[in-house]
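[1] what follows is a predicted structure for the sequence shown.
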Number of protein chains: 2
Amino acid sequence: MYRSHTCGELRIKNVQETVILAGWVQTIRKFGSITFIDLRDRYGVTQLLFGEELNKQLDENPLGREYVLQVKGIVTERSNKNKNIATGDIEITVNELSILNKSAIPPFTISDETDGGDDVRMKYRYLDLRRNAVKKNLELRYAVSRSTRNYLHENNFMDIETPFLIKSTPEGARDFVVPSRMNPGQFYALPQSPQTFKQLLMVSGYDRYYQIVKCFRDEDLRADRQPEFTQIDCEMSFVEQEDILNMFEGLVKRIFKDVKNIDYTDTVERMTWEDAMWNFGNDKPDIRFGMQLLNIKKPASVYINKKDQPELVSGADFKVFDEAETVIAIAVPGCSEYSRKQTDEITEWVKRPQIGMKGLVFIKCNLDGTFKSSVDKFYSEEKLKAIATAANAKTGDLILILAGAEERTRKASSELRLEMGKRLGYRKDDEFKLLWVLDFPLFEYAEEENRWVARHHPFTSPKPSDIDTMINNSPVITDASKYLEHPYANIKANAYDMVLNGNEIGGGSIRIFQRPLQEKMFEALGMDEAEQQHKFGFLLGAFEYGAPPHGGLAFGFDRLCAIIGGSESIRDFIAFPKNNSGRDVMLDAPSTIDAKQFDELQIKLDLK
Amino acid sequence: MYRSHTCGELRIKNVQETVILAGWVQTIRKFGSITFIDLRDRYGVTQLLFGEELNKQLDENPLGREYVLQVKGIVTERSNKNKNIATGDIEITVNELSILNKSAIPPFTISDETDGGDDVRMKYRYLDLRRNAVKKNLELRYAVSRSTRNYLHENNFMDIETPFLIKSTPEGARDFVVPSRMNPGQFYALPQSPQTFKQLLMVSGYDRYYQIVKCFRDEDLRADRQPEFTQIDCEMSFVEQEDILNMFEGLVKRIFKDVKNIDYTDTVERMTWEDAMWNFGNDKPDIRFGMQLLNIKKPASVYINKKDQPELVSGADFKVFDEAETVIAIAVPGCSEYSRKQTDEITEWVKRPQIGMKGLVFIKCNLDGTFKSSVDKFYSEEKLKAIATAANAKTGDLILILAGAEERTRKASSELRLEMGKRLGYRKDDEFKLLWVLDFPLFEYAEEENRWVARHHPFTSPKPSDIDTMINNSPVITDASKYLEHPYANIKANAYDMVLNGNEIGGGSIRIFQRPLQEKMFEALGMDEAEQQHKFGFLLGAFEYGAPPHGGLAFGFDRLCAIIGGSESIRDFIAFPKNNSGRDVMLDAPSTIDAKQFDELQIKLDLK
């Protein structure tokens, strides 16, 4: 061993001990004939003191930042203690120095506040990983995985590895494929998730399975997506939805406790998908704050339980509202005194292409009890007051109103709510609010193909009360314009998403476990019998031999870590992430392969 | 929850309780108007008693094997207790029955002794996994992984995930490659191991890393190989070989304790590679028994420390021995009275193509103190006695002697030793003997290309005492016939293998951590500067910025589990293994992909 202690270990009680440390030069400070060096390793920083004699050696062979040193010396009490670091009471009076390795000058400063841009830090990721900020993220990631494994183990879950070289069954996302040399002309696929395998394990009787496992999706990447990502993947047999919700909110609470020392004692809230969409404009509401959406015009919509909504704005000759499919109001607390400049800025914000609205109407609920709006000529003060009351607005609030086509307006309202919540400081990194979103629609309508697609995936069961509807009706949509009236449009899924601070961190469902219903589902998704057999024959086969009722869920592990770590970017929590083109710029991968490889795989390029 | 208890849980203390169980029908036994059913789940088997009333229901809707049932009933003490199962004191008097799912008749019997052949069990792997024998293997696998994680965690190791979509740098084994849609014409490779990433993590300062991780090698498969396999992958900084040996023999001892409740208190033996080859004929000796090889003729060989070996057989006019490069004797205890038929059978055994020897000479050390051999006309009794003494043979032993070319003879002697050890019952599944094999040669000679290849891998450091030899000599072999005299032939690696019962379960090395030595290594392996930069530029770059001394090892997790489980076959310890053609016969993968996939990936087939 090159060291007797780590750089984070020595305390005042070790004074007088002879120790050996090894680590990296963080800083060098020369004061006349003595030199102080901060030596860093994974565990901390320890100050080294080089006296006159060794100082001469340093003059002849100067050290630099990031040099790797081994030093032997005596632990000494510091006269000038540093309260900011755990080893701050002591320093090492060095009497032997060995340079284990030199370092070129790093391309950026290795410190919390670095001068390195994204690109250079990705290229030299091995140096970026030295920064304390990044190290803390990976430590948090490990702590989350450790906590997860312990909780699941204590609850009788078994970690069972599923294969990575599987069969390509593209459904939704694209597969990455792997040419098989031993089976020329054939390809493996990398798993988008171990979904069918975990279901087979349930058929096999392993009633509580888990895995922390890499998954792969060949999709065009957004800033917070990676072609390879990690899931906490779980499945249970002989359970109903309620059992799964309890088990996995328990898991997340345990992680909060183990990793952040937070006692999450609140009941985890539950919300139907309809309520989430209706009141928050999206299916993963951030419930750290209120400011719910008020639907002030009844939209023709998929929200079947919202048909008796009050109608507050039509018929006042205000064309924008009269012609809009949807009108949504948000009461923003304490902002009634916003200046013209401020309301203009918000108007510009909603007109940005990413939001895509044509404008913004506002009502100020003045502190003197009066109301002032940008549409005063259409609406009486009484009418404005009625809207304000319905929107739960208080004196001093500013009501923002968006109007337009249903889908766009709802999405924009959601974005506006989140934006205002952020501006007002309602979205705190260190406050955590969990939420289950339930009762999703089982199907979504795919306009191009005039057919149904699975909202979650093809293995999700309908609600028990909707099974007959599904079995007894044809999935064929005869009149595309009336797809909303098709019985399948209202089938709810036995599915659930876990939402943390406005991010979907996990989701799952109770699965179909009977062959006839699974076949009906495949049929609904446009798969004929031959295709069903080719792609999922093994699963249909397995359902013949005593499949138990089962269900499960998967957490997006990268995102879960990021949110617990108070970050929006999953990349900060991955040791070696790829960029938005799916490249590893450090490795320079992907890259060309050589002729022998093409030859052995019996494939060739076919570049457009 | 569909159950109040599992099928392995109820005991005599639960008598009178009303319980709900769910599980699979294992057996059905009808006795007149009552029926007994054994209900099985992951946790055990519980006997169900169906009385007269429910029996009628069963007559109308008969149950079958592997049906999934939910029953409600009362725990009752059994009159006829079954001592073989944990729930054998009780049964459930059923009063409500619900069939959760039916089952077709399984294609083979789901019991420890199954009637299913390999092929059908692979196709219906989800049913094979129900068998207790297979379940125990997966449970053992999970226990080994759990024990590993706990030990490494307690020793400050961090689990850090490394990427799966990396760069193809074929060295030795073939890479599986993955076409990149977003970077047309370019490919990712799947990792053969996280080797370079764990080294980068050491450069980054994460001084104790581990991962239980899938690795991929596109090689022609032998019975005990899989295209995807799992490693326990570890790396440490600021350590020497001794530190690593101590840490990881500690890990294996911990696994023995946690998983098998074995206190492995023996010192783990250590052996140089030369001694292993010399005395056992291979580099992974099974030391559960003796029967070491005796080299009775001095071979011209790579074993540089064995040059003063005694010469016992030359010059007696026995051409076979005189002309042989190598002659090796093995004393087999207590077999001097083998019949002619028995010795003939062993002779036939060594003549099999897999062993490939031309014949076998034997010396019987008779119980009366005389010696009798198949070569009596060449060797006096005195000479035979000298050989017997040198071979450590005792009265009653049978000495087997093989002669021929060095490599083949040594290998055959090793196989013969193992075979005789097995026949004599010296190789017990439940006895475990660990061994470190040390001081491997750094290089192997590749005849076809007349150059050096890395025996372990290109990142392994030479012994400190051999570094100068490596740096100061050209790797070029000017005279192929004299490659053994090249200074590189005698360079030893700072590498180690852990051997358990004659199987290599893990191996590793102290790594090169200085750029000039790494460049010299690449050069020795025939890589010019451009190739070095293309393939490993990131690693050479990393070594510029303060790489610490480091080393590590990897365990073959599948094999480790198999051996601890007392099996030779890793496939028995993998949930969803592939066959010898790399096929998953359950999924029917690999398979064709569709035209759209080829189109998007911009590749096409080029079948020969």
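    Sure thing, it's come through. Numbers count the residues shown, from 1 in each chain, chains lettered A, B, ... in the order given.

[2] any idea how many residues pack against residue A:337?
    Applying the criterion other Cβ atoms under 10 Å in any protein chain shown, we find 11 residues in the vicinity of residue A:337. Any C-beta I mention is one placed from the backbone N, CA and C, and that applies to glycine too.

[3] so how far is residue A:366 from it?
    Distance, residue A:337 to residue A:366, by Cβ to Cβ, to the nearest Å: 8 Å.

[4] ok, now residue A:497?
    Taking Cβ to Cβ as the measure, residue A:497 falls 40 Å from residue A:366.

[5] who has more neighbours out of these two?
    Neighbours were tallied for residue A:497 and for residue A:366 using other Cβ under 10 Å; the higher tally belongs to residue A:497 (22 against 14).

[6] that one: helix or strand, and which one exactly?
    Secondary structure assignment for residue A:497, by DSSP states H and E: strand A:495-500.

[7] would you mind listing what in the stretch 201-350 of chain A touches chain B?
    For the stretch 201-350 of chain A, the residues found near chain B under the criterion Cβ under 8 Å from any Cβ of the partner chain are A:201, A:203-207, A:214, A:216, A:218, A:220-221, A:227-228, A:230, A:238-240, A:243.

[8] show the buried residues in these.
    For these, a neighbour count by 16 or more other Cβ atoms under 10 Å in any protein chain shown gives the buried set as A:201, A:203-207, A:214, A:216, A:218, A:221, A:227-228, A:230, A:238-239.

[9] pLDDT-wise, what's the bottom of those residues?
    In terms of pLDDT, the least confident member of these is residue A:221, at 76.

[10] looks to me like that residue is in a strand.
    No - with DSSP: H, G, I helix; E, B strand; the rest coil as the criterion, residue A:221 is located in coil rather than a strand.

[11] tell me who's in contact with it.
    Contacts were defined as Cβ atoms under 8 Å, 6 or more residues apart in numbering or on different chains; by that measure residue A:221 touches A:227, A:578, A:580, A:581, A:582, B:182.

[12] just give the nearest non-adjacent residue to the fourth one, would you?
    Spatial nearest neighbour of residue A:581, excluding adjacent residues (Cβ to Cβ, 6 or more residues apart in numbering or on different chains): residue B:182 at 5.7 Å.

[13] got the residues of the stretch 401-550 of chain A near chain B?
    The interface of the stretch 401-550 of chain A toward chain B, taken as Cβ under 8 Å from any Cβ, is made up of A:513-514, A:534, A:537-538, A:541-549.

[14] taking those residues, please make a ChimeraX selection of just the buried ones.
    Buried residues within those, as defined by 16+ other Cβ under 10 Å, are selected in ChimeraX through the command that follows:
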select /A:513,514,538,541,542,543,544,545,546,547,548,549
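
[15] kindly indicate which of the residues of the stretch 401-550 of chain A next to chain B lies nearest chain B.
    Of all those, chain B sits closest to residue A:546, with 3.6 Å by Cβ to the nearest Cβ.

[16] what's the per-residue pLDDT of the spatially closest residue to residue A:224 that is not a sequence neighbour here?
    Sequence neighbours aside, residue A:570 is the residue nearest to residue A:224 in space, at 5.5 Å (criterion: Cβ to Cβ, 6+ apart). Reading off the confidence values, residue A:570 has pLDDT 93.

[17] before we move on, could you check phi and psi at residue A:570?
    Taking degrees, to the nearest 10, you get phi -70, psi -30 for the backbone angles of residue A:570.

[18] what's the burial count for it?
    The tally of other residues near residue A:570 (other Cβ under 10 Å) stands at 23.

[19] mind giving me the packing neighbours of the helix or strand of chain A with the lowest mean pLDDT?
    Here the helix or strand of chain A ranked lowest by mean pLDDT, DSSP states H and E is helix A:52-60, holding a mean of 88. Counting contacts by 3 or more Cβ pairs under 8 Å, 6 or more residues apart in numbering or on different chains; DSSP states H and E, the secondary-structure elements packed against helix A:52-60 are strand A:34-41, strand A:90-101.

[20] cutoff 10 Å now
    Counting by 3 or more Cβ pairs under 10 Å, 6 or more residues apart in numbering or on different chains; DSSP states H and E, the packing neighbours recorded for helix A:52-60 are strand A:18-31, strand A:34-41, strand A:44-50, strand A:90-101.

[21] thinking again about what came up before, quick one: the residue nearest to residue A:224 and chain B, what's the gap?
    Plainly put, residue A:570 is 12 Å away from chain B if you go by Cβ to the nearest Cβ, to the nearest Å.

[22] I'd say that residue and residue A:228 touch.
    No - under the criterion of Cβ atoms under 10 Å, residue A:570 is not in contact with residue A:228, lying 11.5 Å apart.

[23] can you list residues touching both of those two?
    With contacts taken as Cβ atoms under 10 Å, 6 or more residues apart in numbering or on different chains, residue A:570 and residue A:228 have A:558, A:577 as neighbours in common.

[24] look up phi and psi at the nearest residue to residue A:419 once chain neighbours are set aside.
    The shortest distance from residue A:419 to any residue that is not its chain neighbour, by Cβ to Cβ, 6+ apart, is 6.8 Å, and that residue is residue A:349. In terms of degrees, to the nearest 10, the main-chain angles of residue A:349 are phi -60, psi -40.

[25] before we move on, the earlier item: list the contacts for the residue nearest to residue A:224?
    By Cβ under 10 Å, 6+ apart, residue A:570 lies in contact with A:223-226, A:229-230, A:556-563, A:577.

[26] give me the lowest-pLDDT entry from these.
    Summarising pLDDT for the contacts of residue A:570: the lowest-scoring member is residue A:223, with 67.

[27] ok, back up a step: and the strand holding residue A:497, what does it pack against?
    In this structure, strand A:495-500 packs against helix A:241-260, strand A:269-272, helix A:273-280, strand A:434-438, strand A:503-510, strand A:550-556, helix A:557-564, with contacts taken as 3+ Cβ pairs under 10 Å, 6+ apart.

[28] switch the ones you listed over to JSON lines; also include distance to residue A:23.
    As requested, the helices and strands packed on strand A:495-500 are arranged in JSON lines below (distance: least, Cβ to Cβ, whole Å):
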{"stretch": "helix A:241-260", "distance to residue A:23": "26"}
{"stretch": "strand A:269-272", "distance to residue A:23": "47"}
{"stretch": "helix A:273-280", "distance to residue A:23": "49"}
{"stretch": "strand A:434-438", "distance to residue A:23": "40"}
{"stretch": "strand A:503-510", "distance to residue A:23": "36"}
{"stretch": "strand A:550-556", "distance to residue A:23": "35"}
{"stretch": "helix A:557-564", "distance to residue A:23": "27"}
